[in-house]
Every structure is written in structure tokens, then in C-alpha cells.
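**Student:** model the following, please.
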Amino acid sequence: MAMATPAKPHLVFFPFPAQGHVTPAFQLATLLHQCHGFDVTFVHTEHNRRRLLRARGPDALAGSPGFRFAAVPDGLPASDVDAAQDMPALHFSLSAAVVPHFKKLVLSQLLPSPAASCCCLISDVDHILRAAADIGLPCVNFWTTSASSFMAFQQCQQLVAKGLVPLKDAEQLRNGYLDSTVIDWVPGLPASMRLRDFPSFIRTTDADDAGLAITLRTMECHRTVPSAVIFHTLEEMESHVMSALSAIMPPVYAIGPLPLLLSGAGGGATSSSCSSTAEPLPPEFLAETEGTGCVTSWCPQEAVLRHEAVGAFLTHCGWNSMLESVCAGVPMLCWPFVGDQQPNSRLACTEWRVGVELGEDPSREEVETAIRQVMGGERGEELRRSAAEWKEKAARAARPGGSSWVNLEKLANEVLAPLMTHNH
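**Tutor:** You can find the predicted model right below:
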């Protein structure tokens, strides 16, 4: 698809093609476009482009003056199945198939123009960040989960060097080793961190495990390639780890929660960049819950969390959902599964004190006990009080003059504008 020649500072966004990455990237792109006048090209994969058009109609990608969409093939078999793609295959295709198309898009439609010096990439895909560096395009990393999870991911190489990863045998997954092994030496993270609280990719006995290899490669890129790193968080929530990261990283900026910033800028907390990925539920589950609950393929989660009837939120601790719960002042039942969810859960339960931790395979009785803790009694009062305090802190951070708003201004003026001015 043809794109107009950029006539002013131009940002190219290429988020990892999964909903939890695309949504905050779209929100950040909208903020920088609306509040700082940057032109934006937002790049989807063809798979996500088809899903968006099917879910929301042709207007979903119509764009607006100065904000346009583009798409590149992802190299995977074409599919209209409205579900998440296979992650290992997607990671491989980003290198093997997507990078050449991305380079062609940039070189043929952006860099040849007289305004080529006004382009900058914002991405969280290591292959795309490296590709930008290869062709002389300045780049900034947008890490879409917590700064604490980023620091935890950064320690994977140290965990390998110390002989803690890979695990010696599969029994260490079950015998309490992950709980009893305390990792108290990570700058900015609490001294109570357990091996269990680090990203799930460390839970392998294979030194050549693909997930571990991807983690090590990706974190090395994020540490060395971009000119700056943006974290979707607020300084008040992660001040210790942000300070620690500033000592080992390019300039770092805490900008969040993005839905609040976008709402304050008059853009609304939009998520029009994504579509639902609901999986069918077993008929027996639907039968057992009939009359006692509501099962739906999709719901406006932010609006649900803000409803006065909601007393707690059972979550796998994906960062976008956790921030939405914080913004609504709702305590959490934390049930982490994969990726960054483990460190997010630990911080929510021990540092921010807005959550109760569930085991990996909780019984009905364990879940009931946790719900009763959150919903009533002294523990429940403490959680609700803490959640209300964080709600107010998040709101203050996102107001004009607040820490996240100030950091957005700094990012635009200290990083993005100078990068594009001095390019080429």
C-alpha cells in the first residue's frame, strides 16, 4: 500500500504482533501524534490486519491525516482463525520472513524521501530493532510490560552463569526448589524474590531450550541496540527498579498508565488496534455455571473493573490487565501462567500489596479462601485501601504535570526530536 512522503517528524511503530503489545503501542502512538504532532506509520502483520478488518470493518484501518497503517506478511500460513498464533513459529518468522519486508517498506517508502532524516522506529521486536540499526534508522524500545519484569528478564543470563538455569532435573519443578531458592541480589527488585518469581522461560532442563534462547537474545538486544527504552508504567510504582535500570541501560522513561494519559489528552482509552481472541469454552463448564455467572466471548474489561459491583479481579497478571485493575482500584487474585506474569504477580502481592497469590494449580478450596481474604476481613480492608491509594497515584501520574506526563514530554523533546534531527 502506498504511503505519503513524510513531511515532518515521523514515527514508525512495529509492536510484537500480539494483542497485549499492539494495544499499548497504539495508545502511545496516538498520544505522540495528538500531543506532539508526530506523523505515525503503524505497522501490523497481514494476519492481524485481516483480523482487525473482519472484527471492526474497513474503518478500523482507515487512519487519519498524519496517522496511517501499513502491513507486512508474517511468513506463516494464511489463516482466518480468530485466535492467537503459535508463538514459537511467530518468533522464528519475525526473523526469517518479516525483517526483509520491513526493510523494504522503510527503504522504498520512507528513507528515500527528502524528509528521511525525520524518521524513527519504536518497537519491542528485537529482530526489527536490529533491522532498523542495519539500515541506519534510529530506534527506541517500547517495553509494554512492567519495568520489574524487564529487570527480571535481564537476569536470565546471570541465572545461567550461576548454574541456577537450566534446572538440574524436572523434579525441581515439583519439590519446592523454585520456592526455596531466594534470589536476593537483583538491583531494584525485592530481596524476597524466589526463583519461582522469574519469567517462566527459566523453567527448563534443556540448555538449548528455544524459549530461553529467545529470552537471552532479546534482552541483549534491548540492552544494547535502542537509543532509549520506554516502560509502560508509572515511576511511583517502580521507582527502585527504574533507578537501577537507569544505571545499566540507555535513557529510560516511565510513561503510564497509557489509557489514563490518552483519556486526559482527549483521545479516550481506545483499543481499536486489536480484536478479541476468545477460545470456545467446554459445554460442561457452561452448563455448570448457568445461572451463577456470565460467560462471554469478549467484554470491555476496563469498564467492568470500574463498576461498583466488582470487588476483586482474578487475573493471570498480564501487565495491561494489572494496570487496568490498578486504575480502577480493584484488588487482585493473582494466578500467573507464563512470561512476565510471574514477576508481576510477586510485586503485586508483596510490594504494592494489591493482590493475593494463588498456587499454580489451585484447588476450589484455595480459590475460595483467597476470595474470602480479598472480599472481607482485615486482609481485605488492607488490600482495598492499598488499591485505592494506587488508583489515586496512577491518576496523579497521568495528569498534566504528573510524572508520566512529564516523562512523555521528555521523551519527545530529549530523545525522539534529537534522534530524527541528527539522523543521516
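**Student:** could you give the backbone dihedrals for the closest residue to Leu261 other than its chain neighbours?
**Tutor:** Using C-beta to C-beta, 6 or more residues apart in numbering and skipping residues adjacent in sequence, the residue nearest Leu261 is Ala398, 4.7 Å away. Just so you know, the C-beta spots here come from the backbone N, C-alpha and C atoms, and that holds for glycine as well. The phi/psi pair for Ala398 (degrees, to the nearest 10) reads phi -90, psi -10.
**Student:** please tell me how far Ala398 sits from Ser239.
**Tutor:** The gap separating Ala398 from Ser239 is 16 Å, by C-beta to C-beta, to the nearest Å.
**Student:** what do you get for Ala71?
**Tutor:** Counting by C-beta to C-beta - Ala71 and Ser239 are separated by 39 Å.
**Student:** more crowded one of those two?
**Tutor:** The neighbour count for Ala71 versus Ser239, taken as other C-beta atoms under 10 Å, is higher for Ala71 (19 against 14).
**Student:** for that one, give me phi and psi.
**Tutor:** According to degrees, to the nearest 10, Ala71 has phi -140, psi 150.
**Student:** contacting residues around it?
**Tutor:** Met1, Val43, His44, Thr45, Glu46, Asn48, Arg49 (C-beta atoms under 8 Å, 6 or more residues apart in numbering).
**Student:** where does the third one sit: helix, strand or coil?
**Tutor:** For His44, the secondary-structure state derived from DSSP: H, G, I helix; E, B strand; the rest coil is strand.
**Student:** how about the CA coordinates for stretch 190-199, as PDB?
**Tutor:** Taking C-alpha atoms only, stretch 190-199 is exported to PDB below (Å, rounded to 0.1, in the frame of the first residue of the first chain):
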ATOM      1  CA  PRO A 190      12.800  -7.000  46.400                       C
ATOM      2  CA  ALA A 191      15.100  -9.300  48.300                       C
ATOM      3  CA  SER A 192      12.200 -11.800  48.800                       C
ATOM      4  CA  MET A 193      12.200 -12.700  45.100                       C
ATOM      5  CA  ARG A 194      12.200 -16.500  44.600                       C
ATOM      6  CA  LEU A 195      13.300 -18.400  41.600                       C
ATOM      7  CA  ARG A 196       9.600 -19.100  41.000                       C
ATOM      8  CA  ASP A 197       9.000 -15.400  40.500                       C
ATOM      9  CA  PHE A 198      11.300 -15.100  37.500                       C
ATOM     10  CA  PRO A 199       9.900 -15.400  33.900                       C
END
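**Student:** could you shift the numbering so residue one becomes 47, and keep it that way?
**Tutor:** Noted, 47 is the first residue going forward, which turns the last one into stretch 236-245.
**Student:** now that stretch, how far from the centre of its chain.
**Tutor:** Counting by C-alpha atoms, centre = their mean, to the nearest Å, stretch 236-245 is centred 20 Å from the centre of its parent chain.
**Student:** give me the mean pLDDT for that stretch.
**Tutor:** Stretch 236-245 shows a mean pLDDT of 96.
**Student:** now stretch 345-358
**Tutor:** 90.
**Student:** and the pLDDT at Met49?
**Tutor:** For Met49, the model assigns a pLDDT of 50.
**Student:** ugh, typo on my part, it should be Ile301
**Tutor:** At Ile301, pLDDT is 97.
**Student:** count of neighbours near it?
**Tutor:** Residues near Ile301, counting by other C-beta under 10 Å, number 28.
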